[in-house]
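1. Pasting the sequence and the predicted coordinates here, then a few questions.
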Amino acid sequence: MPSVTHDDAPLLADLMPWSVAPLRPGRAWPAAPDAASLKARWDAFTKAEGSDRETLFEPTRSRTLYSAVGQLPGRSGGTEKLVRASGPCPEPVRVLCAPFDEQWLIPDHRLIDVARPELWRVADEQQVFTVETAPAPDSPGPLLLASSLLPVLRAGRIRPLYRRPGGAEPNLAPGLLGHLTARLGLSPAPVDVLAWSMAAVRPGPDGLTVPLTEDPALWTHGVELGHRMLWLMRRDGERPKLPGGRRPYVRAPLPARPLALHYDRDEETLHLDEGRISPLPPEAWDFEVSGVRVLEQWFTARTAGAVPGTLEAIRPATWPQTWTSELLELITVLALLAELRPQWAELEVTAALTAAELRTAGVLPVTAAARRPASVLDHHEEGPEGQFALI
């Protein structure tokens with residue numbers, strides 16, 4: 001992690017003041033690695049009646065078949081009570097379910113215990129969500145994840161880059177951009193501040209800190225490094241590729257239902273039962289977030305058993321080809337991110353803009369309003385049983 005010669009670096013929580021706690025799904029079946037399974041689960045759920053429907057739903061204190069909740073912002077899920085729900089499944093949306101694991105979710109407020117509607121209101125093509133991870137001893141994984149998709153993983157606080165849709169009103173301490181412009185002689189954009197934060201963030205006793213430099217050359221280097229990290233994590237543009245001789249390929253066909261994952265470090269080969277993928281550099285296999293190996297977690301999410309008779313047990317009968325493609329891309333992303341690790345570890349901020357300086361300049365402390373979501377309601381949102389929501 002970055003080395004600093006001062007201990008007054010500003011907190012990430014002050015630089016990006018609006019944050020939201022993680023979503024609490026309450027039940028696993030509305031999310032899956034494939035959209036077709038979700039539609040089949042919804043169909044099975046709506047065909048069930050009485051106590052069978054209730055059992056399949058898996059009620060909690062927050063959600064039952066009789067819960068009255070509004071529509072998720074920008075989504076078309078129904079608002080009638082689930083005890084009477086019928087019709088087609090709301091169109092599944094792509095979400096980040098675990099570090100580097102993009103899956104699908106039924107975007108229905110009735111199915112999610114705590115859905116954080118304020119995040120759904122600002123989720124669009126311009127948005128970048130950052131997610132804090134838990135530092136783990138002897139694990140050099142990233143302290144911040146970034147995604148263009150809504151994060152539903154059980155991790156730390158979520159900090160959107162923008163407080164309003166359309167990339168409007170950056171979620172930055174008021175006055176921060178102007179102060180950086182004056183001190184650096186540059187004109188950083190909001191995403192540049194996020195990129196710097198991705199590369200420079202480090203753990204502190206009171207939370208994650210972001211050392212800020214006053215050196216324009218170092219700032220430019222850190223921002224370029226952070227943008228590279230953002231591009232690899234978001235995967236929303238040109239697909240990342242490794243050089244020809246290092247690209248992973250399927251060397252032996254994957255079985256219809258792989259059960260075990262094994263890595264041969266000497267041969268740099270990933271085994272899925274008798275299936276083989278190589279080359280897989282050790283740095284990609286060892287890549288962890290919060291002490292958990294990313295590739296193992298990704299594989300387990302697609303192969304772990306489910307209780308028979310539950311909706312979660314409705315899943316593909318065989319391993320889909322799309323999962324193989326996603327696995328190859330994931331290996332590529334982890335390998336390229338691992339190559340960047342020495343650079344972000346060596347990013348040393350020696351001439352720093354301290355939290356004390358930001359307080360003197362009036363950038364800190366931020367106002368209470370900056371820590372609350374903006375009012376972004378520019379259209380009617382449907383409340384329970386078809387009523388309009390008043391916000």
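-> Cool, got the structure.
2. Now for the nearest residue to residue 14 once chain neighbours are set aside: which residues touch it?
-> Counting by Cβ to Cβ, 6 or more residues apart in numbering, residue 364 is the residue found nearest to residue 14 once chain neighbours are left out, at 5.6 Å. Just so you know, the C-beta spots here come from the backbone N, C-alpha and C atoms, and that holds for glycine as well. When contacts are counted by Cβ atoms under 8 Å, 6 or more residues apart in numbering, residue 364 is found next to 10, 14, 173, 355, 358.
3. Return the distance of the residue in the chain sticking out farthest from the centre relative to residue 65.
-> The centre of the chain is farthest from one residue, residue 50, which by Cα atoms, centre = their mean lies 36.4 Å away. Applying Cβ to Cβ, to the nearest Å, one obtains 10 Å for the distance of residue 50 from residue 65.
4. Residue 226 too?
-> Distance check for residue 226 against residue 65: by Cβ to Cβ, it reads 46 Å.
5. And these two? Which one has more around it.
-> The residue with more neighbours, out of residue 226 and residue 65, is residue 226; 26 against 16, by other Cβ atoms under 10 Å.
6. Tell me the buried residues in the helix or strand residue 358 falls within?
-> Taking DSSP states H and E as the definition, residue 358 sits inside helix 355-360. For helix 355-360, the buried set under the neighbour-count rule, 16 or more other Cβ atoms under 10 Å, comprises 355, 357, 358.
7. Give me the contacts around stretch 340-355.
-> Contacts to stretch 340-355, defined as Cβ under 8 Å, 6+ apart, come from residues 1-6, 8-11, 14, 140, 179-180, 183, 199-200, 211-215, 218, 221-222, 225, 228-229, 232, 283, 364.
8. Of the contacts of residue 364, which is the nearest to residue 73?
-> Closest approach to residue 73 among these (Cβ to Cβ): residue 173, at 25.8 Å.
9. can you pull the pLDDT of that closest one?
-> Residue 173 carries a pLDDT score of 98 in this model.
10. wait, it sits on residue 361?
-> No: in this structure, residue 173 is not within contact of residue 361 by Cβ atoms under 8 Å, at 10.3 Å.
11. And these two? Which one has more around it.
-> residue 173 (21 against 15).
12. which ones are touching the more buried one?
-> Residue 173 is in contact with 14, 15, 16, 17, 358, 363, 364, 366, 370, counting by Cβ under 8 Å, 6+ apart.
13. Give me the distance between the last one and residue 226.
-> Between residue 370 and residue 226 the distance is 22 Å, computed by Cβ to Cβ.
14. re the thing from before, could I get the contacts of residue 364 as CSV with distance to residue 96?
-> Written out in CSV, the entries for the contacts of residue 364 read as follows (distance: Cβ to Cβ, whole Å):
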residue, distance to residue 96
10, 26
14, 25
173, 26
355, 30
358, 31
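15. ok, back up a step: which of the contacts of residue 173 are buried, as a PyMOL select command?
-> One line in PyMOL is enough to select the buried ones among the contacts of residue 173; burial here means 16+ other Cβ under 10 Å:
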select buried, resi 14+15+16+17+358+363+364+366+370
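16. ok, and for the helix or strand hosting residue 299, which residues are buried?
-> Taking DSSP H and E as the criterion, residue 299 maps to helix 294-303. Neighbour counts using 16+ other Cβ under 10 Å place 294, 295, 297, 298, 299, 302, 303 of helix 294-303 among the buried residues.
17. again, but for stretch 60-75
-> Neighbour counts using 16+ other Cβ under 10 Å place 63, 65, 67, 69, 70, 71, 72, 73, 74, 75 of stretch 60-75 among the buried residues.
18. again, but for stretch 223-237
-> With burial defined by 16+ other Cβ under 10 Å, the residues of stretch 223-237 counted as buried are 223, 225, 226, 227, 228, 229, 230, 231, 232, 233, 235.
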